[in-house]
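Q: Below are the sequence and a predicted model for it; my questions follow.
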Amino acid sequence: NAGVTQTPKFRILKIGQSMTLQCAQDMNHNYMYWYRQDPGMGLKLIYYSVGAGITDKGEVPNGYNVSRSTTEDFPLRLELAAPSQTSVYFCASSYEGGSLEQYFGPGTRLTVT
Amino acid sequence: GENVEQHPSTLSVQEGDSAVIKCTYSDSASNYFPWYKQELGKGPQLIIDIRSNVGEKKDQRIAVTLNKTAKHFSLHITETQPEDSAVYFCAASGGNNAGNMLTFGGGTRLMVKP
């Protein structure tokens, strides 16, 4: 199993540009999450999904959108990128029941200039 | 919503010494408390977790304690080794929490000096 994969690893955007961060998992997890991690800080939840077709806002959703058309994929869309969105973005997934462990991808480092 | 505070933000110990990291949480309904280790350039990885019906849990050199009354929990690492150097995050989850969302602390950078 590849676990949770994220692409790209790095990206530089100009202010006002848009992009999609890709996330996929091959563990058949129902739950998926997007976090951002600012330098020296903890992780803050942007959006989450409890299954295909179901998404909901986390703590810091402004400026982002998500979709979940399949169990495996959970892309994060940035519209009109701003310098405040410079961060490292992590995708994670977990089982619906039993173990509550979240499995994280390797992250995408995004710089907006 | 839940608020998790973590101390200290940095911790430097000598190899072989013990390290303790402490977290407090605000929501008394929280019932799941994991600890994640993040190595440089990687995503966080679960190292140990505890549920609210247990006061302490051990796994080799790592232990976690939970005090529900005081709403705090701690990570204890004994006989530290250089490979323990990383950033550690505590988190809390539970209550009316669809999706098993976690609220993370701010992290502790642990440095183990050989």
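A: Perfect, thanks for sending it.

Q: Tell me the confidence at the residue in chain B that chain A sits nearest to?
A: Sorted by distance to chain A under CB to the nearest CB, the residues of chain B start with residue B:43, at 3.2 Å. Where C-beta positions appear, they are placed from N, C-alpha and C, glycine not excepted. Looking at residue B:43, its pLDDT is 94.

Q: Would you enumerate the residues in contact with it?
A: With contacts taken as CB atoms under 8 Å, 6 or more residues apart in numbering or on different chains, residue B:43 has the following neighbours: A:4, A:90, A:92, A:104, A:105, A:106, A:107.

Q: Filter those residues down to the buried ones.
A: Taking 16 or more other CB atoms under 10 Å in any protein chain shown as the criterion, what is buried in the contacts of residue B:43 is A:4, A:90, A:92, A:104, A:105, A:106, A:107.

Q: Determine which two of these are furthest apart.
A: Of all pairs drawn from these, the greatest distance, 11.2 Å, lies between A:92 and A:106 (CB to CB).

Q: Tell me who's in contact with the residue of chain A most remote from its centre.
A: In chain A, the residue that sits farthest from the middle, by CA atoms, centre = their mean, is residue A:98; the gap is 22.9 Å. Listed by CB under 8 Å, 6+ apart, residue A:98 has no contact partners.

Q: Next, it: secondary structure please.
A: For residue A:98, the assignment made with DSSP: H, G, I helix; E, B strand; the rest coil gives coil.
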